[in-house]
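Enquirer: pasting the structure only:
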């Protein structure tokens, strides 16, 4: 079974809350802290964007070593290059000769 994304979990929770509020309002005359309009607005906000969090743009270039690598944080550098900066610098220097 595929894993559920954070966005999908939030969407399902809002739908459950919305159903609960609608049932209690219509059947029992219950007044909730969140009304239907607020929940629908929240649901529309979630559905209107692809991602919940802002995406970080990663620079791309044919001159990667000079222009892109120095801008990457240490975690992303290690993830992309599979080694730390010092090791990369030694290998790069050796290959450049």
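Expert: That came through, no problem. It should be emphasised that the depicted structure is a prediction, and the values quoted were computed from it without experimental measurement.
Enquirer: and the longest helix for this protein?
Expert: Identified as the longest helix of the chain according to DSSP state H is helix 6-23.
Enquirer: what's residue 87 sitting at in phi/psi?
Expert: Backbone torsions for residue 87, taken as degrees, to the nearest 10, come to phi -60, psi -40.
Enquirer: before we move on, what about residue 73?
Expert: Per degrees, to the nearest 10, the backbone of residue 73 is at phi -70, psi 170.
Enquirer: just to revisit the earlier point, how far is the longest helix of the chain from where the chain is centred?
Expert: Counting by C-alpha atoms, centre = their mean, to the nearest Å, helix 6-23 is centred 20 Å from the centre of its parent chain.
Enquirer: Give me the secondary structure label for the residue nearest in space to the middle of the chain.
Expert: Residue closest to the average C-alpha location in the chain (C-alpha atoms, centre = their mean): residue 53, at 4.4 Å. Secondary structure, DSSP: H, G, I helix; E, B strand; the rest coil: residue 53 is coil.
Enquirer: Next, the contact list for it, please.
Expert: Under the criterion of C-beta atoms under 8 Å, 6 or more residues apart in numbering, residue 53 has no contact partners. Just so you know, the C-beta spots here come from the backbone N, C-alpha and C atoms, and that holds for glycine as well.
Enquirer: Please apply the same query to residue 39.
Expert: 14, 17-18, 21.
Enquirer: Work out for me the element it sits within.
Expert: Assigned by DSSP states H and E, residue 39 belongs to helix 36-48.
Enquirer: average pLDDT across the next helix or strand after that helix?
Expert: Next in sequence after helix 36-48, counting helices and strands by DSSP H and E, comes helix 74-81. For helix 74-81, mean pLDDT rounds to 91.
Enquirer: got it, and stretch 24-40?
Expert: Average pLDDT, stretch 24-40: 70.
Enquirer: Now do it: distance from first to last residue.
Expert: 16 Å (C-alpha to C-alpha, to the nearest Å).
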